[in-house]
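S.K.: With the input below, show me the fold.
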Amino acid sequence: MKDKFYNYIQNLQDTITSKLEEIDGEAKFHEDIWERPEGGGGRTRVIENGNVFEKGGVNISGVHGALPKAMQSYFNVGDVDFFACGLSLVLHPKSPMVPTVHANWRYFEMYDKDGKVVDRWFGGGQDLTPYYLYEEDAKHFHNVCKTSCDKHNPDFYRVYKKKCDEYFYNAHRGEGRGVGGLFFDYCKANETMTIENWYDFVTEVGNSFLEAYVPIVEQRKGQKYTDDHKNWQEIRRGRYVEFNLVHDKGTLFGLKTNGRIESILMSLPPRVQWRYNHNPKPGSEEEKLVKVLKKPVEWQ
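M.R.: Numbers count the residues shown, from 1 in each chain. Below is the predicted model:
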């Protein structure tokens, strides 16, 4: 399964980066091939200062070795080896009218000292972080998510949408990072889903990413905006940074397993503001967004 999924994310990375370069029309992805001293490596692709994308990355990795002690307690396991692979992407558009997007699809295995697989699971999801709320965009994104889920289980969208709202939440701010999407983890074989069934589901979601995001970019990228709009975007980006550095499990795992720091922190936007006690004006479009972030919306 690990070879099958790693081959899948290699091909998906090619598909996604090719389409994003086409949309941007100017910038190209810069590629870094890297190795992890303890085992494995990855292929990082970053785009910067384009017509559409101010900064973004579409990264794949496959790492293995002894699970660090700091992560043994996290997973509540003993001295085991691990293999983890996945594709992770974040795109920060130049225009504040175009939302930031994040997606991740991953596979994990644990082994005893005889090399026997003792646990394995899939995880991932995709979520949208707008700076100005266009309800039709949120509905489109969630509709694609729901369609992908419904092909495998009619309960998946409801369950994983709720998990997304709960996970991508800045508890110290009392607000969501964005308008959500899907989040699933520890997807293991059970009485209703084999590991092959989980592979089919996760790849279904991965294959849906461009359908979920590209129409929104095409719709919004040409809209005019002001310096005030840009300032608001950078203030909201600060909340994005706070989540990634304070709460995100993927960032923690990368740092604790001696991952490549440039790839781990690729998700951070290039320009950010933190203003003291900043609040949007009552009745403004900015306040409209914040109200939605305070209480998750059922977009479907």
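S.K.: now for the lowest-mean-pLDDT helix or strand in the chain, which elements pack on it?
M.R.: Per-element confidence for the chain was summarised using mean pLDDT, DSSP states H and E. The lowest value among helices and strands belongs to helix 69-75, with a mean of 77. Of the remaining helices and strands, those touching helix 69-75 by 3 or more Cβ pairs under 8 Å, 6 or more residues apart in numbering; DSSP states H and E are helix 249-256. From N, CA and C alone the C-beta is placed, and that goes for glycine too.
S.K.: follow-up on the earlier one: next, the buried residues of the least confident helix or strand of the chain.
M.R.: By neighbour count, with 16 or more other Cβ atoms under 10 Å as the criterion, the buried positions of helix 69-75 are Met71.
S.K.: Strand partners (parallel or antiparallel) of the next helix or strand after it?
M.R.: Elements were assigned by DSSP states H and E; along the chain past helix 69-75, the next helix or strand is strand 81-93. Partner strands and pairing direction for strand 81-93 (DSSP bridges) are strand 53-66 (antiparallel), strand 100-111 (antiparallel).
S.K.: how far does the first one sit from the chain's center?
M.R.: What separates the centre of strand 53-66 from the centre of its chain is 11 Å, taken as Cα atoms, centre = their mean, to the nearest Å.
S.K.: Likewise for stretch 32-43?
M.R.: How far stretch 32-43 lies from its chain's middle: 21 Å, per Cα atoms, centre = their mean.
S.K.: then that stretch to CSV, C-alphas only?
M.R.: What follows is stretch 32-43 as a C-alpha-only set of coordinates in CSV (Å, rounded to 0.1, in the frame of the first residue of the first chain):
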residue,chain,number,x,y,z
ASP,A,32,14.0,20.9,-4.4
ILE,A,33,14.8,17.3,-4.0
TRP,A,34,15.8,16.6,-0.4
GLU,A,35,16.9,13.7,1.8
ARG,A,36,16.3,13.1,5.5
PRO,A,37,19.4,11.8,7.3
GLU,A,38,17.4,9.3,9.3
GLY,A,39,15.7,7.9,6.2
GLY,A,40,13.6,9.0,3.2
GLY,A,41,13.1,12.4,1.7
GLY,A,42,10.9,14.4,-0.5
ARG,A,43,10.2,16.7,-3.4
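S.K.: Residues in contact with it: which ones?
M.R.: By Cβ atoms under 8 Å, 6 or more residues apart in numbering, the residues outside stretch 32-43 that reach it are 10, 13, 31, 44-46, 59-66, 83, 257-260, 262-263.
S.K.: Apply 10 Å and report the result again.
M.R.: Stretch 32-43 has contacts (Cβ atoms under 10 Å, 6 or more residues apart in numbering) with 9-10, 13-14, 31, 44-46, 58-66, 68, 81-88, 257-260, 262-263.
S.K.: next one: stretch 64-82
M.R.: Here stretch 64-82 makes contact (Cβ under 10 Å, 6+ apart) with 2, 36-40, 63, 83-85, 108-113, 115, 118-119, 249, 252-253, 255-258.
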